[in-house]
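Novice: just a sequence and a predicted model for now, questions to come.
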Amino acid sequence: MIAKSLKFFLVLSLIVSAAFGQVRLRNNFNANWKFALGDHPGAVSGSFDDRNWRSLTLPHDWSIEGKFDEKHPAKPEGGGLPTGIAWYRKSFSIPAGFAKKNWTIEFDGIYKNSSVYLNGHLLGTRPYGYSSFAYNLNKWLKTGNNVLSVRVDNAAQPDSRWYSGSGIYRNVWLTSTARKAIAHWGTFVQAEVTGSADVSGSTAPARVSVAARLINQDAPGRVEIQHQVVDAQGKIIARASRQQVVLRSGETETNATIALPKSMLWSLTNPYLYKMVTLVSEGGRVIDRYETPFGIRKFAFDAKTGFSLNGRTMKINGVCLHHDLGALGAAINTRAIERQLEIMKEMGANAIRTAHNPPAPELLDLCDKMGLLVMDEAFDMWRKKKNKQDYHLHFDEWHTRDLQDMVIRDRNHPSVILWSIGNEIREQFDSTGIALTRELVSTVKKLDRSRPVISALTETDSSKNFIYQAGVLDIYGLNYNHKKYRDFPKNYPGQKFLATETTSALATRGFYDMPVDTIRRWPRDGKTKFTEGNKEWAASSYDHISAYWGSTHEETLKEAKRYDHVSGIFVWTGFDYLGEPLPYPWPARSSYFGIVDLAGFPKDAYYLYQSEWTNKPVLHLLPHWNWKQGDTVEVWAYYSQAEEAELYLNGRSLGKRSKKNDDLHVSWRIPFEPGTLKAVSRKNGTTVLEKTVSTAGKPAQIRLSADRTTIKADQEDLSFITVDIVDEKGNLVPDAEQLVTFRLEGPGSIAGVDNGFQASVEPFKANYRKAYRGKCLVIVRPGSVEGSIKLTASADGLPAAQIVVKSINQHK
């Protein structure tokens with residue numbers, strides 16, 4: 001019944017598009033796939049019986065559905081979840097009269113080693129799990145029923161230093177066009193600011209050039225092409241002259257230029273987007289319409305003054321992000337990515353590094369719309385391996401194609417300001433790095449000369465760094481080594497500098513370990529067995545622990561602030577991520593590096609960055625105030641937009657503190673007594689902010705709060721609901737670990753649960769979760785119909801709590 005509904009929908013879409021003159025149809029092709037774990041060679045055939053296979057909607061990550069186990073081949077470094085081989089199949093019908101169109105299937109990402117078949121015929125294979133790609137279906141497509149089969153092989157492990165996920169984990173699209181049409185990723189729009197910006201810095205004259213690749217899978221013929229610039233309100237504001245183009249077989253490229261006397265500039269505070277609409281006509285009839293969003297901005301890196309955007313000098317305040325979405329795994333979800341970016345932007349971040357691979361297209365779309373800069377990264381290794389089964393096995397055959405595809409796909413995004421050809425590549429330590437670097441940079445420059453090329457390096461001795469010696473990188477990218485920032489201009493005269501990865505501080509949300517007057521490196525080095533730590537498998541949320549190669553947050557922040565030549569930093573990492581659980585062994589299975597935990601709950605360092613990277617008043621007080629009588633407690637406060645902070649305990653002043661010299665926080669060391677801590681920040685004697693932390697009593701209530709209580713009834717939107725265990729006065733109980741059970745009523749489902757603790761081996765796909773340090777998370781996904789979704793949360797000894805999320809038709 002489902003398959004019949006899908007066939008009817010596709011046929012109806014085609015008929016409607018033809019009736020209303022839609023010449024290019026791009027259908028989301030995620031629904032109604034069949035899935036089975038294991039290897040099923042017979043699934044290639046269109047007649048294979050898959051009736052007993054599981055039905056699902058993409059994107060899909062089968063690894064995140066499994067149980068944690070240190071014996072899985074991916075190991076805890078890969079997240080401690082299962083991998084393996086699996087197949088996907090999908091049946092669809094093409095009506096008579098449409099088979100002669102040009103048909104393309106697009107996969108935004110399959111992890112990994114995918115083989116795609118149509119009606120039993122191999123369309124192609126792609127080993128790299130982060131590349132987007134497309135196949136033309138014309139040769140094997142037929143009128144009536146068709147079957148796509150996809151084999152995914154992620155069995156060879158370990159293949160990654162972090163959690164990769166497994167499956168068709170990004171979106172799939174079916175596109176039909178005329179036989180003469182714009183090619184896949186077929187336009188390149190470049191906007192050059194040609195004059196000075198106005199006083200506000202928001203507008204400037206610009207010249208927009210557009211290159212378009214046309215394909216012809218029909219008889220040779222003449223077409224007409226025209227480009228139109230459309231503003232954010234949908235108004236055509238400029239056109240290029242019409243061009244007559246003779247199309248023979250294969251591809252033909254055309255070029256045009258459009259002048260804009262006054263254009264709106266894309267910026268971090270006003271990320272203004274235009275569209276380039278490209279029309280292809282034959283015989284006076286439009287046969288293709290292709291839209292390319294783009295932005296107009298001017299940026300520069302300078303060896304002395306760092307980075308500037310639209311003429312304004314600023315620091316790149318960036319974070320590195322891996323691709324997993326916590327409890328959702330690697331399966332892409334636009335709202336989940338948007339939530340991560342919202343949390344980062346609220347902290348003051350203005351840039352994202354896509355560590356260490358090409359991202360999902362949706363991330364770049366969101367960065368374009370939200371005003372975030374992007375360092376777009378291609379590889380974590382070249383020929384020299386980091387894991388036995390990683391991409392080094394495929395590098396020689398595939399690196400050129402994979403790098404080209406990343407650049408061609410992403411070069412129209414105004415958010416993208418840097419191409420990174422690699423992270424901590426081991427060829428920097430031997431002479432093979434010279435030729436490879438030159439080759440990779442040349443590959444990028446042939447496709448886009450408007451952005452600098454960088455590589456994230458670790459070797460600071462230029463005589464030993466062969467990637468640097470290639471002499472073709474536009475910017476020196478350095479990972480860690482914050483003590484080298486000061487002398488960089490002396491050691492690398494005239495070279496532009498960016499700290500491409502910094503910090504690697506370790507923390508667990510809500511856990512505090514004293515004393516804090518010394519900085520701890522966990523582990524001490526790369527050879528000594530880790531024997532520090534604690535029985536909770538946690539790292540203190542005071543900023544005083546880091547990996548041996550890194551620093552605390554404050555150590556690097558101070559150096560980056562101090563020197564103008566430091567264009568900015570990318571902190572490792574914005575969020576905790578699955579895998580790489582250094583320094584702890586199993587059952588730790590996710591990282592401790594994030595400024596925000598895996599569930600999306602900020603750790604204390606979040607407010608340090610917010611106090612430094614934003615212009616809004618900030619006052620954050622730590623730790624919690626539940627200690628033993630007689631304990632001496634280190635109290636910290638992060639503040640901004642104020643001159644001092646004063647601390648009170650039960651109404652008594654414990655003194656004022658001001659940040660001196662390069663201090664980034666203030667502190668008090670005081671004996672614990674139950675009650676209320678209050679911090680007051682002041683400027684010119686006037687109160688700016690007040691914050692209190694009270695001693696919590698026994699758990700008495702469950703408090704539910706949703707990031708959004710109205711969501712779209714589209715089976716894709718999400719509501720992230722925070723679960724707090726609080727006392728009778730509403731204070732968070734910082735040691736609460738109740739098992740919370742969830743029940744859902746209405747048109748929705750539970751997409752995942754989490755609590756942010758790095759050593760929890762509870763499943764993410766469940767209707768229960770233990771609180772950790774008083775908190776956990778449940779993610780609600782709507783169905784396809786409108787209605788009220790009621791979530792009930794219950795725990796032994798506590799009254800149940802409820803919250804209602806409304807799902808509505810997105811067109812209302």
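Specialist: On my side now, so go ahead.

Novice: please name the nearest non-neighbouring residue to Gln157.
Specialist: Among residues not flanking Gln157 along the chain, Pro73 sits closest, at 3.5 Å (Cβ to Cβ, 6 or more residues apart in numbering). C-beta coordinates here come from the backbone N, C-alpha and C atoms, glycine included.

Novice: look up phi and psi at that neighbour.
Specialist: phi -60, psi -30 (degrees, to the nearest 10).

Novice: roughly how far does it sit from His323?
Specialist: 20 Å (Cβ to Cβ, to the nearest Å).

Novice: these two: which is more packed in?
Specialist: His323 (28 against 15; other Cβ atoms under 10 Å).

Novice: residues contacting the more buried one?
Specialist: His323 is in contact with 130, 165, 330, 354, 357, 359-360, counting by Cβ atoms under 8 Å, 6 or more residues apart in numbering.

Novice: how about Ala456?
Specialist: Neighbours of Ala456 in contact, by Cβ under 8 Å, 6+ apart: 377, 420, 422-424, 477-479, 500-501.

Novice: want to throw these into a markdown table with neighbour count, pLDDT and secondary structure?
Specialist: Formatted as a markdown table, the contacts of Ala456 follow (neighbours: other Cβ atoms under 10 Å; pLDDT from 0 to 100; DSSP: H, G, I helix; E, B strand; the rest coil):
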| residue | neighbour count | pLDDT | secondary structure |
| --- | --- | --- | --- |
| Glu377 | 26 | 98 | strand |
| Ser420 | 24 | 98 | strand |
| Gly422 | 27 | 98 | strand |
| Asn423 | 25 | 98 | strand |
| Glu424 | 19 | 98 | coil |
| Gly477 | 30 | 98 | strand |
| Leu478 | 25 | 98 | strand |
| Asn479 | 21 | 98 | strand |
| Thr500 | 32 | 98 | strand |
| Glu501 | 25 | 98 | strand |
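
Novice: can I get these in JSON lines including distance to Ala736?
Specialist: Formatted as JSON lines, those follow (distance: Cβ to Cβ, whole Å):
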{"residue": "Glu377", "distance to Ala736": "39"}
{"residue": "Ser420", "distance to Ala736": "42"}
{"residue": "Gly422", "distance to Ala736": "44"}
{"residue": "Asn423", "distance to Ala736": "39"}
{"residue": "Glu424", "distance to Ala736": "40"}
{"residue": "Gly477", "distance to Ala736": "43"}
{"residue": "Leu478", "distance to Ala736": "42"}
{"residue": "Asn479", "distance to Ala736": "38"}
{"residue": "Thr500", "distance to Ala736": "39"}
{"residue": "Glu501", "distance to Ala736": "35"}
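
Novice: among those, which pair sits farthest apart?
Specialist: Maximum pairwise distance among those (Cβ to Cβ): 15.0 Å, between Glu377 and Leu478.

Novice: those strands in the stretch 1-150 of the chain, which residues are they?
Specialist: All strands of the stretch 1-150 of the chain, identified by DSSP state E, counting those that start in this stretch, fall at 25-28, 33-37, 54-56, 84-94, 102-107, 114-118, 121-126, 133-136, 144-154.

Novice: how about the first one: buried residues?
Specialist: The reference is to strand 25-28. By neighbour count with 16 or more other Cβ atoms under 10 Å, strand 25-28 contains the buried residues 25, 27.

Novice: show me what it is packed up against.
Specialist: Under the contact criterion of 3 or more Cβ pairs under 8 Å, 6 or more residues apart in numbering; DSSP states H and E, strand 25-28 touches helix 2-19, strand 172-177.

Novice: again, only this time at 10 Å
Specialist: Contacts defined by 3 or more Cβ pairs under 10 Å, 6 or more residues apart in numbering; DSSP states H and E place strand 25-28 against helix 2-19, strand 102-107, strand 172-177.

Novice: so the residue nearest to Gln157 touches Ser166, yeah?
Specialist: No. Pro73 lies out of contact with Ser166 (Cβ atoms under 10 Å); the separation is 11.5 Å.
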